[in-house]
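In: Sequence and predicted structure are below.
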Amino acid sequence: MSAPARPTVTTSYDGQVAVLTIDRPERRNAVDSATATALLEAVESADADPEVAVLVLTGAGGFFCAGADLKALAEGDRQDVVLGADGPGPMGPTRLRTTKPVVAAVEGPAVAGGLELALWADLRVAASDATFGVYCRRFGVPLIDLGTVRLPRLIGHSRAMDLILTGRGIDGVEAERIGLVNRVTEPGAALVTAVALGHDLTALPQQCLRNDRASAIDQWGLSEADALRQEWHLGLATMRSGETLDGAARFAGGAGRGGIPTDPSR
């Protein structure tokens, strides 16, 4: 009897931080249809877990993700592009909006669809020698996991067009300079730094954090007037949750003065 197939996506936990790892290093963590499904299911499961506050997405073997598995595509593996814009993203969770923050920890390549996975995250931590690029430009493979939408919104139209049209690669240092990456680390330290950032986020009042995150995401599709109303609606929900009054009481008691971080759980 043959051994069961090794999972291509794994989930581990560090307190309230769920670490989701694409584990196909022999393919530089390129995503075939089965891996896309497994990644989507792993994200949905972690997002629904009440014990999880932050998701960290990374890749095994020193690779984040080299995009769609073109070898599998050439051999007949078809990802769910035929389901249209209302179906799941071909790379898995790229059309899913989580309720909790997602941090991408990038070592090695985050190219083509792998770049789109990194763009899907709220924050990106990358090694200085990581590589970002629209490498699929070289092979006539389109960006259909919101790369043409999120990249211009993140770094501006001109810089996005440079990457989208040329397909050139940039390292983690340049990626931070143009606003694509939030934190740059030494090679090999991206995951540790991303998990530490995740713990920083878990220490904050969660209702307020999630509602402000939702308002910032929602505003892209709203007029200024509608965005104002949405911000007020979500802000009012936060205040009614009791977090705001609790925070005011902690501040009055001396916590967090002068911008010093404070853990509301203490």
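Out: Great, that's in hand.

In: Which stretches in this structure count as helices?
Out: 33-48, 70-74, 113-120, 147-155, 157-166, 172-177, 190-202, 206-218, 224-241, 243-252 (DSSP state H).

In: Identify all contacting residues around the fifth one.
Out: Right, the one you point to is helix 157-166. If you take Cβ atoms under 8 Å, 6 or more residues apart in numbering as the criterion, helix 157-166 is touched by 132-134, 137, 143, 147-148, 151-152, 154, 168, 170, 178-179. Where you see a C-beta, it was placed from the backbone N, CA and C, and this is true even at glycine.

In: of those, closest to residue 73?
Out: Distances from residue 73 to the contacts of helix 157-166, taken as Cβ to Cβ, are shortest for residue 143 (15.1 Å).

In: ok, and which of the helices of the chain has the densest surroundings?
Out: With neighbours taken as mean count of other Cβ atoms under 10 Å, the helices of the chain reach their highest mean count in helix 113-120, at a mean of 28.

In: what packs against it?
Out: Helices and strands touching helix 113-120, by 3 or more Cβ pairs under 8 Å, 6 or more residues apart in numbering; DSSP states H and E, are strand 102-106, strand 131-133, helix 147-155.

In: Let me see the mean pLDDT of the last one.
Out: Looking at helix 147-155 alone, the average pLDDT works out to 98.

In: Please give me every residue in contact with the closest residue to residue 130 other than its chain neighbours.
Out: Leaving aside its sequence neighbours, residue 130 sits nearest to residue 172 (Cβ to Cβ, 6 or more residues apart in numbering; 4.2 Å). Contacts of residue 172 were listed using Cβ under 8 Å, 6+ apart, and they are 106, 126-130, 132, 181, 184-185.

In: If we use 7 Å, what do you get?
Out: Contacts for residue 172 (Cβ atoms under 7 Å, 6 or more residues apart in numbering) come out as 126-130, 181, 184.
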